[in-house]
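**Student:** quick one, fold the following:
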Amino acid sequence: MDSSIGTGKGSGGIKGIYMELMTVEEVASKLRVKRSWVYTHADELGVYHAGKYLRFSWSRVLECLERGLVRWVIHLTTLCNLFPWNGIRSTGNKSEQKA
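**Tutor:** The predicted model follows:
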């Protein structure tokens, strides 16, 4: 039996998937965020569960982030259309806001 599963030309296979999986720490480092942020957004980043461990495919993380960014821009555009700019800046101090 051939022990090189997934190493055939163009197959990717199990070994190909395994080689590209990243830990929470690796994803956090690449995104330059805290590990807690990765844990909080794991489902949005396309997490794979390996027992108690979380693993990520970098290409899938980027794909999910791009989709999320598109949704965020659409959401922001919708909010701006519903609540047009009225010259009020949110500074936290109501006395500093323009009327």
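**Student:** beta partners of Cys57?
**Tutor:** Let me fix one detail, which is that residue 57 is Ser and not Cys. With DSSP bridges as the criterion, the beta-bridge partners of Ser57 are Leu21.
**Student:** spit out the contact partners of it.
**Tutor:** Shown in contact with Ser57 (CB atoms under 8 Å, 6 or more residues apart in numbering): 17, 20-22, 46, 48. All C-beta atoms are positioned from the backbone trio N, CA, C, and that covers glycine.
**Student:** at 7 Å what do you get?
**Tutor:** With CB atoms under 7 Å, 6 or more residues apart in numbering as the criterion, the residues that contact Ser57 are 20-21, 46.
**Student:** where does the chain have its least confident helix or strand?
**Tutor:** helix 13-20 (a mean of 60; mean pLDDT, DSSP states H and E).
**Student:** for Cys49, helix, strand, or coil?
**Tutor:** For residue 49 the amino acid is His, not Cys. When the structure is split into helix, strand and coil by DSSP: H, G, I helix; E, B strand; the rest coil, His49 lands in strand.
**Student:** residue contacts, the residue nearest to it when sequence neighbours are not counted?
**Tutor:** Leaving aside its chain neighbours, His49 sits nearest to Arg55 (7.8 Å; criterion: CB to CB, 6 or more residues apart in numbering). Arg55 makes contacts with 21-23, 48, as judged by CB under 7 Å, 6+ apart.
**Student:** now with 8 Å, please.
**Tutor:** Neighbour list for Arg55: 21-23, 47-49 [criterion: CB under 8 Å, 6+ apart].
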